[in-house]
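1. Kindly generate the corresponding structure for this input.
(4 chains)
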Amino acid sequence: MSAASPAARRGAATRVVLYAILLVFAVIYLMPLYVMLTTSFKTLEEIHQGNMLALPGEWTLAPWREAWGSACIGLECNGVHGYFFNSIKIVIPAVLISGLLGAFNGYVLTKWKFRGHKIVFGLILFSCFIPFQIILLPMARVLGILHLANSTGGLVLVHIVYGIGFTTLFFRNFYASFPDELVRAAQLDGAGFFTIFFRILLPASVPIIVVTIIWQFTNVWNDFLFGVSFASGDSAPITVALNNLVNSSTGVKAYNVNMAAAMVAAVPTLIVYILAGKYFLRGLMSGSVKG
Amino acid sequence: MSNASPDRDGGARERLQRWLPKLVLSPSCVLVLFFVYGFIAWTSYISFSDSGMMPDYTWVGLHQWSRLWTSWTWGIALHNIWVFGLLYIVSCIVLGLILAILLDQRIRAEGVLRTIYLYPMALSFIVTGTAWQWFLNPGLGLEKTMHDLGWQSFSFNWLIDSNMAIYTVVIAAVWQATGFVMAMFLAGLRGIDGEMIKAAQIDGAPAWKIYARIIIPQLRPVFLSAVVVLAHLAIKSFDLIVAMTGGGPGNATAVPATFMYSYAFSRNEMGIAAASAVFMLAVIAALIIPYLYSELREPRS
Amino acid sequence: MHSNHNRALVNRLGFALLPFALALSTNTMAADTSTDNQVEVLNWWTSGSEAKALGALKDGLSDQGIGWKNMPVAGGAGTNAMAVLRSRITSGNPPTAAQVLGYDAQDWAQRDALSSLDEVAKAGNWNEVFPQPLQEFAKYDGHWIGAPFEIHSTNWVWANKSLMDELGIEQPKTWDDFIASMKKAKDAGYIGLAYGGQPWQDSTVFENVVLATGGADFYRKALIDLDPQALDSATMTQAFDHLRELLKYKDDNSPGRDWNLATAMVINGKALYQIMGDWAKGEFLNANLEPGKDFMCFRTPGTQDAVTFNSDLMIMFDTDDAEQQKMQQTMAKIIGSPEFQIAFSQIKGSVPARMDLSADKLDACAQSGYEQVQAAAKNHTLMGSMAHGYAAPASVKNAVFDIISSFVNSDMPSDVAAEQLAAAIQSATS
Amino acid sequence: MSFLHINNVHKRFGETHVLKGVDIAIEQGDFLVLVGPSGCGKSTLLNMIAGLDSISEGELLLDGRCINDVHPSRRDIAMVFQSYALYPSMTVAGNIGFGLEMRKVPRKERREAVDRVAKLLQIENLLDRKPGQLSGGQRQRVAMGRALVRDPQLFLFDEPLSNLDAKLRVDMRSEIKQLHQRLKTTIVYVTHDQVEAMTLATRIAVMRAGELQQLGTPHEVYDDPNNLFVAGFMGSPSMNLVKARIVEHDGVLVAQVATGDTTLALPIVRDREALSDWCGRDVILGLRPEAITDPASANHRDGNIHEAELPVDLIEPTGADLYVVTTLGDASVNARMRPGTPLRPGERTRFAFDVSRMVVFDPESERRIRDEQMIDSALEETA
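-> Just a heads-up that it's a prediction; the model follows:
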């Protein structure tokens, strides 16, 4: 009976158009991922002869095996697995430490305000936005002096320093929504600075902890500029290794291996994102729009 | 007097408690002061020095700056960042807004679609650049696919055309960031008072007019945030260029970020590199500081 | 020294980086782990042939009871590794020695960072046996500061022999012949010139064209002396015209292509020629091709009388440790020795840096190459390669890259290009 | 010596002077309500008592001990916050017991104390819940439990009822009152709601812009306000304030109010001595709505009733009362009459003024014009 009404029919038609547009966009957005995935399962021969958009005629895991274990990056033919673990070695301490510092900062800046706390926050926050080119030269020198040049340790330090801005922003915005009275009540109850933080605020911070971890994880994992500037050779993170791999050539470009390696580099952030996409979205929001 | 001594003891502990917050904040402050502001100062100084391969603290005034501004590649880099930045910001905002409005129509699979639009943000450009580079490669990607499908006259060789290469970077960059902008707008749309829209509907306004006259004007803060975030992403864009074009063909897609890297690390021109970095910082600061200022002072009122 | 793959990033970045940009790096954190009789050597020779070539040095050292702590660079991050070397030296923790190129050795010497090799040089008569143009880089202020490993030259054409035979092409002697032969290939549906569209490759081709167009004197005046009049001259305009003509014979997909992919096009018979340094020979040999039979190597037509070269130098960092000093001297001595020079080039594809050796043990290409280098050294036509940092400092070199690549990738008129080249060099040297 | 003595306390935040020398003294068992409009400094004063804000100047004495520099946790004070400030990740029992835990009270004792308080507040069944699962009223109880469990010398309440809906607020109000009467504890209670102040307090401190306006029993503050502000602030509907002129009429001091075509002359019976100096000068009269009634409801015994016929502008029945609005001078005046009084807007009717309850203010200083002795006698009355 709804079909009878012309208005309803027009409404239904609009819905169809609406879904069609959204679907087309979805296809466009998925295309690169699709191409990467299918290509990584194709043989080189099929890549050169077949259609980019076609599914693999014959599925092969060889490109993945090669990318992981035996592809040549620069001159070493051990695949990306070593660099993958480099990235893990970098990402775990960097995320944990910058997250903890950010949590402390957010706690102090919202619950233990002092004269000039806004200026301090502004100064910390501004560090999120600086073009990192401005710190490349002195950082290279400082890392050298600290004997951290070309080591994963150096990258951990770099990511901590330049992650503090975002983690502080997240925790500050989150704790700002906690009533100050909570801290006052706890003080009256006799709890000190750390007790209040660890017993009262931190247990209630699970959502923002998840957001921060996801945000920092993707940022650190996906970093290229710092990796390429401060680490090379054996200590390079996966992004740098991937770029080197893709641009290493021995006469033939092994696109399938490149794509497999790209997928290896993408899988951790993709998994994190798909598993915790909602939180990720929230993290993006609190990173940009005032929460 | 017997209870005076525990009080005094408590005094010391209380003093510690009073200092604890600042003490806890101080490592971050020290790190940020040194690694951000100290480094900014150092780089700024270097931009006025005679530094080449190694830092050299001889003051040369504006020499490096005048070399920067007469540099031919810097001109290209500036031109490119203008073209890139403008197209990138406008396209992201237009597309992001459209997607957000479409998704806001009580769409059935909203969660899935949102995830699809947003996932590029989770990937490194080094990863997706690999795909895009291949996708847009005339000999292998889209062009070849179209030819295979029988569309022989199809031609898309922007990636290797020095006049068009920068646009391929725009395409990939927009693809990556639109989802993010969409998410911002979506959150903005959800935050709008529904009663106002009901009132407009009762007044008989058609849907597009409600959007154009009532809803979109209210998203002003989101526009502002989006522009700020996108502008700073654009100026910082580095891996995106490296992964897609490497700054080429020739210097066709050089931007300030790649310019600085090249002058600092391969051309032994630390002075010019520092000047270009300071310039980038100045542009971003001009954008960000007023924004941060307004964001931070607002809660006071 | 041309590692096959490790300039990946460098090339991709397209920052007009030399394939042999200084890529010194370490994969350990500090040198204080080095034991008493061990040398720590920064280098980027890690490909099969390069590592093997370096093995000659390692063996020589171990004969003297000196241990070897290799610090090879994997991956192509040459530029940032340079930053690492900088910070290691400023933080007072230099390696024993490092492999560097041309102007970088001079830069470090200028900073008093290097040990003098005068004693070894005197004993080995280096002043006589190494060609003068190379000494300009290996010596600073009259003192030896670098031990040259070898000489690479860049004005080579690599050709597919069977394709030449098929098309009835003789080895071209003049520029016009050269162009004519490529036209023939193009008309027959082949690619005339295998071309890698990266700034350093653009400039490698360009320096060949300049040398072929203007001759050795002009090359020196324009690209080494950086004479503004020569740079913005009719001859330079003509050189750009020639380059433009040459570019007609490349394929459209060249931008960004690695040099070895271009070499592969010659090997596969897709393309007739490639203009590239003698490291390209390694690719042919790897494909089990034989010089003279399967592929041809000849000087770029019009440049037969001259050689543009580059060379790896081992520089030793100044140290107070007497033990280390002794080992540095020993290492320099080994590098300068005739046996090492031959053995090294045999593996690496280059020719010895010493001019007083017998070429018997080298392959055909290297034999003729060595003769040509010797002749050029005698005739003062052995000149540093602009594209590889032996003609001008990095800042100038990259300014040149900017213009050349821009010319290659656009339809810039030749006279404008010459004018801009002069202006860019002027700006870089100001 | 008073139990809690706030002695000339100042608070400055940078340039702004938030508290300008406040003096308050209360006895053990007193229920002091700090009342005033927002921004008057009452919450700041409460926080200073708690030790959560520092004291810029002056002295704070609790049971004879100066606590200016004593840490909040050692002042033996408990506080109930406006937002309740329940620890979100702890159960109700954890919340209530946290203060004891911090004071290293053994687990068993703690459990007993928590159970005792939970029973007192009838929240035994909620002990294992998290604050997020509680209703507003339940949270309020937990917050009180957290304060009660510690059995402190002094309780502080910071607008504890303002987040509750109207009905619950009234219920909780009387519970707090009962609790106070049962436990005989000393309480300092901040509110901006003058009804709460009136119903709960044994002593009310009315504050405005960092200054104490009046300290007294609810009755004093209500009937005998120190100044125009206190008069206007306390009571709902608020006191009627009308411009008048003091004249001597046949040897009788009257306040003349020009209203429409007639002039109303209200005889002065209170503060006569002080007002005799004000002959021929303008003043402001203050009359509670309940002091203006219909003649039948008026208390005629003391002969202090003065009647006048005035127009009825508006009638507002509230069920219990009928408020009638008329015009006196140039001001609208509220009168409280018996419900069911047959009136219609536009009519004229007789109003009975209880002049014994009339207070008079100096229009310039806004101070009350009153006899010295009257204060003394008022104090004696209450004592």
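2. Pick out the residue in chain A sitting closest to chain C.
-> When distances are taken as CB to the nearest CB, chain A reaches nearest to chain C at residue A:144, 1.9 Å away. In short, each C-beta sits where N, CA and C put it, glycine included.
3. got the contact list for residue 135?
-> All of this refers to chain A. A:162, B:35-36, B:39-40, B:43 (CB atoms under 8 Å, 6 or more residues apart in numbering or on different chains).
4. oops, chain C please
-> The contact partners of residue C:135, taken as CB under 8 Å, 6+ apart, are C:126-127.
5. so how far is the one helix or strand it maps to from its chain's centroid?
-> Counting by DSSP states H and E, the secondary-structure element that holds residue C:135 is helix C:132-138. Relative to its parent chain, helix C:132-138 has a centroid offset of 14 Å by CA atoms, centre = their mean, to the nearest Å.
6. For that helix, buried residues please.
-> Buried residues in helix C:132-138, defined by neighbour count with 16 or more other CB atoms under 10 Å in any protein chain shown: C:133-134, C:137-138.
7. Looking at the residues you listed, point me to the pair that's furthest apart.
-> C:133 and C:138 (10.1 Å; CB to CB).
8. Can you tell me the centre-most residue of chain C?
-> A centroid search over chain C (CA atoms, centre = their mean) returns residue C:310, at 4.0 Å, as the residue closest to the centre.
9. Repeat that for chain D.
-> Central residue check for chain D by CA atoms, centre = their mean: the C-alpha nearest the mean position is that of residue D:197, 3.4 Å away.
10. so that one sits in a strand?
-> No - according to DSSP: H, G, I helix; E, B strand; the rest coil, the state of residue D:197 is helix, so it is not within a strand.
11. Is residue 17 within a helix or a strand, and which one?
-> I'll assume chain A. Residue-wise, residue A:17 maps onto helix A:6-40 under DSSP H and E.
12. hmm, I had chain D in mind actually
-> Per DSSP H and E: strand D:16-26 holds residue D:17.
13. Show me what that strand is packed against.
-> Judged by 3 or more CB pairs under 8 Å, 6 or more residues apart in numbering or on different chains; DSSP states H and E, strand D:16-26 is in contact with strand D:4-13, helix D:42-50, strand D:57-62, strand D:203-208, strand D:211-216.
14. how far does the very next helix or strand once past it sit from the chain's center?
-> Once strand D:16-26 ends, the next helix or strand along the chain (criterion: DSSP H and E) is strand D:31-35. In terms of CA atoms, centre = their mean, the centre of strand D:31-35 is set 7 Å apart from its chain centre.
15. Next, the angle from strand D:31-35 to helix D:42-50.
-> Interaxial angle of strand D:31-35 relative to helix D:42-50 (axes from the mean of the first three to the mean of the last three CA atoms, to 10 degrees): 140 degrees.
16. what's strand D:31-35 in contact with?
-> Counting contacts by CB under 8 Å, 6+ apart, the residues outside strand D:31-35 that touch it are D:4, D:24, D:26, D:42, D:45-46, D:180, D:186-194, D:196-197, D:200-207, D:233-234.
17. Next: stretch D:284-293.
-> The list of residues contacting stretch D:284-293 from outside it, by CB under 8 Å, 6+ apart, reads D:223, D:225, D:228, D:231, D:235, D:237, D:239-244, D:255, D:257, D:266, D:323, D:333-338, D:351-354, D:357-363.
18. need the residues of chain A near chain D, please.
-> Listed as neighbours of chain D in chain A under the rule CB under 8 Å from any CB of the partner chain: A:179, A:181-182, A:184-191, A:195, A:199-200, A:203-204.
19. which of these tops the neighbour count?
-> Within the residues of chain A next to chain D, most neighbours by other CB atoms under 10 Å in any protein chain shown means residue A:185, with 31 neighbours.
20. Surely residue C:192 forms part of a helix?
-> No - the assignment for residue C:192 (three-state DSSP) gives strand, which keeps it out of a helix.
21. And the pLDDT for residue 115?
-> By default, I'm working from chain A. Residue A:115 is assigned a predicted lDDT (pLDDT) of 84.
22. meant chain C, my bad for not saying
-> 91.
23. do the one 4 residues further on as well
-> According to the predicted model, the pLDDT of residue C:119 comes to 92.
24. Excluding sequence neighbours, find me the nearest residue to it.
-> Among residues not flanking residue C:119 along the chain, residue C:329 sits closest, at 6.5 Å (CB to CB, 6 or more residues apart in numbering or on different chains).
25. and if you look at residue C:218?
-> Closest residue to residue C:218 in three dimensions, ignoring its sequence neighbours and counting by CB to CB, 6+ apart: residue C:235, at 5.7 Å.
26. where does that neighbour sit relative to residue A:124, distance-wise?
-> Here the criterion is CB to CB, to the nearest Å. By it, residue C:235 lies 59 Å from residue A:124.
27. higher neighbour count, those two?
-> Here residue C:235 and residue A:124 are set side by side on neighbour count (other CB under 10 Å), and the busier one is residue A:124, at 27 against 17.
28. Give the full set of residues in contact with that one.
-> Under the criterion of CB under 8 Å, 6+ apart, the neighbours of residue A:124 are A:105, A:164-165, A:168, B:28-29, B:32.
29. filter those residues down to the ones near chain C?
-> Of the entries in those, none also sits close to chain C under the rule CB under 8 Å from any CB.
30. ok, so of those, who is nearest chain D?
-> Chain D lies nearest to residue A:105 out of those, by CB to the nearest CB, at 20.6 Å.
31. tell me the SS of the residue nearest to residue C:119?
-> Residue C:329 ends up helix, using three-state DSSP.
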